[in-house]
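**Q** Here is the input, now give the coordinates:
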Amino acid sequence: MSGCSPTSVSPDESEKDDTEPSLQLTGRVVDQAGLLDDEAEKLLAGKLARLESETGPQFVVATTDSLDGMSIADYSLRLARGWGLGHSKRDDGVVLLVAPNEMKVRIEVGYGLEGSLNDPFCAKVIRDNMLPEFRDGKLQEGIMAGANKLITKMRMSPTIELNDNEPSTASEEKMAS
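**A** The predicted structure is shown next:
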């Protein structure tokens, strides 16, 4: 997986340790920081479910109160890997992570989607669609704008053949419910 955020990661931020994120996968939208109202969360979860069933990739939108002392790059990568996002053969998982207390946002992309969701595109989504809303205090609107832009792009480049979207890991099966 690779990811992008509007700022670069300093060498000391990317050091590895055994710390795992405390955020638990509970569905396609994991709003621990409470940034989305119920209606927005339900709407977004439905869009993400349709995206997965129609085009293949698994996309989770997550918010967290704390990065647990990690860089957002390490945190998002550990979430994606720990949750087992994406089909194992296609490596097509995506995490849109917002950490409002640290004022950080990142899009973590599986290698199977890097052709369409490359770093420059993801950085542009953050910079042009999300950050302007965040700066105006409209976190929900920024999350929705970013997610919608990513969904639109992912629909243009589906990763599955018809009937090739069978779950292959426990995490994928949990998300189907």
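**Q** so the spatially most central residue of the chain is in which element?
**A** Nearest to the mean C-alpha position of the chain, counting by CA atoms, centre = their mean, stands Val95 at 1.5 Å. Here Val95 sits within strand 93-99, counting by DSSP states H and E.
**Q** Now do whatever helix or strand comes next after that strand, average pLDDT.
**A** Using DSSP H and E, the next helix or strand after strand 93-99 towards the C-terminus is strand 104-109. For strand 104-109, mean pLDDT is 96.
**Q** the strands in this protein, which residues?
**A** Applying DSSP state E to the chain gives strands spanning 2-4, 29-31, 58-63, 93-99, 104-109.
**Q** thinking the residue nearest to the centre of the chain is in contact with Gly84, fair?
**A** No: applying CB atoms under 8 Å, one finds Val95 not in contact with Gly84, separated by 11.7 Å. In this view, the C-beta of every residue, glycine as well, is placed from N, C-alpha and C.
**Q** what about the closest residue to Leu113 other than its chain neighbours, how many residues close to it?
**A** Spatial nearest neighbour of Leu113, chain neighbours left out: Asp92 (5.1 Å); criterion: CB to CB, 6 or more residues apart in numbering. Counted with other CB atoms under 10 Å, the neighbours of Asp92 add up to 26.
**Q** how near is Asp92 to Lys124?
**A** Going from Asp92 to Lys124 by CB to CB, to the nearest Å gives 20 Å.
**Q** So what's the gap between stretch 66-85 and the chain middle?
**A** Its chain's C-alpha centre and that of stretch 66-85 lie 10 Å apart, by CA atoms, centre = their mean, to the nearest Å.
**Q** again, but for stretch 82-100
**A** Offset of stretch 82-100 from its chain centre (CA atoms, centre = their mean): 6 Å.
**Q** Check which residues of it are buried.
**A** Within stretch 82-100, the residues that count as buried by 16 or more other CB atoms under 10 Å are 83-87, 90-99.
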